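Undergrad: Structure, please.
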Amino acid sequence: MRTRFFNHGAGFIVQSLWPLAHMLVIIFVNTLSGRAAPYGESPLVYFAAGLIPTLAFMYISRFMSLSVLLNKNMLSFPIVKITDILLGRAFLEIIAGFVTLLFLWIVFVTLGLSPYPDDPGQAIMAYLTTILLAIGVGTIAGVITAFLPFFATGYALMGIIFYLSSGCLFVTPNLPDQIAVPLSYNPVVQCVEWMRTAYFENYSDRLLDKEYLLTFALGSLFLGLLAERLSRRVLMDES
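TA: Sure thing, here's the model as predicted:
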């Protein structure tokens, strides 16, 4: 917590407010520009349903990618392992994400909006699967960055691509098949589609493939842990 913001535990609040501010700016810009909600009664809730999984993936995986690089000195303690650093960072970002959701809920309720999905169970599953995907991809990125520090910059740029192609700012199923189908192979798109089908009963699920998303998430986690296991001795010796 101290290494994330201002070398002070209170910086954790800023950590949660930062994605909230990001989310609110995007939501209000789209609302003030006159964009109506394609589904539901409020454009704020509609855009939030897409931004929540997108930003959760981006923040968790991005800071996991930097975790080993920024905390290599912790490996000098024999009890600390590489997976401790990776999962510790993931845990911190997940908690921050839940705090962000709490703040967003307060904002929506204050504005008189209903932030509740039509299918809460599926919304929870979509969010948890997004976290699993982020941890898997973040583990891979974290191991690569530990060997190739410049990869962190490349992954940050990839995050922009994930963001713009995730469908959080448009309705992916409404696009022509020659565009929508290739986009659907992006696992972040699947996270957004799952969340939106949970929020809006009449939202099309023609692109949603839960099995693909779960397979991709578990496969990423397996590859990430395997890469960590194979490179552990080298990383520990470097520390």
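Undergrad: mind listing the helices for this structure?
TA: 11-32, 43-70, 82-110, 120-147, 151-165, 177-184, 187-199, 210-238 (DSSP state H).
Undergrad: Now do the spatially most central residue of the chain against residue 142, distance only.
TA: Ranked by distance to the mean C-alpha position of the chain (C-alpha atoms, centre = their mean), the top residue is residue 57 at 1.2 Å. Taking C-beta to C-beta, to the nearest Å as the measure, residue 57 falls 15 Å from residue 142. C-beta: built from backbone N, CA, C; applies to glycine.
Undergrad: Name the nearest residue to residue 204, sequence neighbours excluded.
TA: Sequence neighbours aside, residue 173 is the residue nearest to residue 204 in space, at 4.1 Å (criterion: C-beta to C-beta, 6 or more residues apart in numbering).
Undergrad: I misspoke; the intended subject was residue 134.
TA: Counting by C-beta to C-beta, 6+ apart, residue 134 lies nearest to residue 60, which is 3.7 Å off, once chain neighbours are set aside.
Undergrad: and residue 155, how many neighbours does it have?
TA: When neighbours are defined as other C-beta atoms under 10 Å, residue 155 has 22 of them.
Undergrad: surely residue 205 meets residue 195?
TA: No. Residue 205 is beyond contact range of residue 195, at 11.6 Å (criterion: C-beta atoms under 8 Å).
Undergrad: okay, the two: which has more neighbours?
TA: residue 195 (28 against 12).
Undergrad: Now do the same contact list for the more buried one.
TA: 49, 50, 52, 53, 117, 123, 126, 127, 130 (C-beta atoms under 8 Å, 6 or more residues apart in numbering).
Undergrad: So which bits of stretch 206-224 are buried?
TA: 207, 208, 209, 210, 213, 214, 216, 217, 220, 221, 224 (16 or more other C-beta atoms under 10 Å).
Undergrad: again but with stretch 79-97, I slipped
TA: 80-83, 85-87, 89-90, 92-94, 96-97.
Undergrad: mind listing what the residue nearest to residue 134 touches?
TA: 90, 93, 94, 97, 131, 134, 135, 138.
Undergrad: Residue 174 and residue 119, how far apart?
TA: Taking C-beta to C-beta, one finds residue 174 at 21 Å from residue 119.
Undergrad: between these two, who's got more neighbours?
TA: The neighbour comparison of residue 174 against residue 119 (other C-beta under 10 Å) goes to residue 119, with 14 against 10.
Undergrad: burial of residue 123, as a residue count?
TA: The burial count for residue 123: 21, using other C-beta under 10 Å.
Undergrad: Quick one, grab the pLDDT at it.
TA: With respect to pLDDT, residue 123 has a value of 96.
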